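A.B. asks: sequence plus the predicted model coming up.
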Amino acid sequence: MLKKVRIQITTERCEIKGSLFETPMGQFLPTGAQPSEEAPERLELLMEGRYHDDGTRVSISYKESEATGMEGATTTLFFQKNEPGLITMTRTGTVRTALVFEAGHRHHCIYETPIMPFDVSVETRVVQNDIEVAGRLHLDYTVELRGANAEHTRFEMKLLPDYQRPLGQ
């Protein structure tokens, strides 16, 4: 089933001290890693997207906007229904990447930009996937582009009512 959805995304992020690339695999950044002195950056977006459930896999896609700094890119989050705690986020268009979120694990990938590709490390603390039941996804993770400061991010996606009809109707 493919249907239009309204999506609300709220993110809160702040730079933290420490480096995922310098922390051995199997170990997370120390819990004593302190947020920078700046207040967390909060962003709230409301957009239209597409929800697709083929019976074994769920995907939600939306177009990025100027507000996110990734205008011209499309983001898709997907998971297998038998593994709701393993979320993949792909971006295509002006930027390209595939980030993997799995609680208690660290994953590495490449983030391709028009300027150059970057190594990225994602360390996920929490994946709370209630998309199918309550229309919510919560991710709590640290992400680092090699050579930049690590950022702690809390990501909340909510599928809002309305557009709950199949596409084409």
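C.D. replies: Here it is on my side, so go on. Numbers count the residues shown, from 1 in each chain.

A.B. asks: is the residue lying closest to residue 132 once chain neighbours are set aside in a helix, a strand, or coil?
C.D. replies: Distances taken as C-beta to C-beta, 6 or more residues apart in numbering put residue 58 closest to residue 132, at 6.7 Å, once the chain neighbours are dropped. C-beta here means a position set from N, CA and C on the backbone, and glycine is covered the same way. The three-state assignment at residue 58 reads strand, by DSSP: H, G, I helix; E, B strand; the rest coil.

A.B. asks: residues in contact with residue 58?
C.D. replies: 51, 52, 78, 79, 81, 131, 132 (C-beta atoms under 8 Å, 6 or more residues apart in numbering).

A.B. asks: show me the contacts for the first one.
C.D. replies: So the one you mean is residue 51. Residues in contact with residue 51 (C-beta under 8 Å, 6+ apart) are 2, 3, 4, 5, 58, 59, 60, 159.

A.B. asks: where do the helices sit along this protein?
C.D. replies: Assigned by DSSP state H, the helices in the chain fall at 131-134.

A.B. asks: where does it have low pLDDT?
C.D. replies: Flagging of the chain using pLDDT under 70 yields the residue ranges 26-38, 162-169.

A.B. asks: please enumerate the strands of it.
C.D. replies: Taking DSSP state E as the criterion, the chain contains strands spanning 2-16, 41-53, 57-63, 73-80, 86-93, 97-102, 105-112, 117-130, 136-145, 150-160.

A.B. asks: what strands line up against the third one, and which way round?
C.D. replies: Put plainly, it is strand 57-63. strand 41-53 (antiparallel), strand 73-80 (antiparallel) (DSSP bridges).

A.B. asks: ok, now the last one?
C.D. replies: Strand pairing for strand 150-160, using DSSP bridges, gives strand 2-16 (antiparallel), strand 136-145 (antiparallel).
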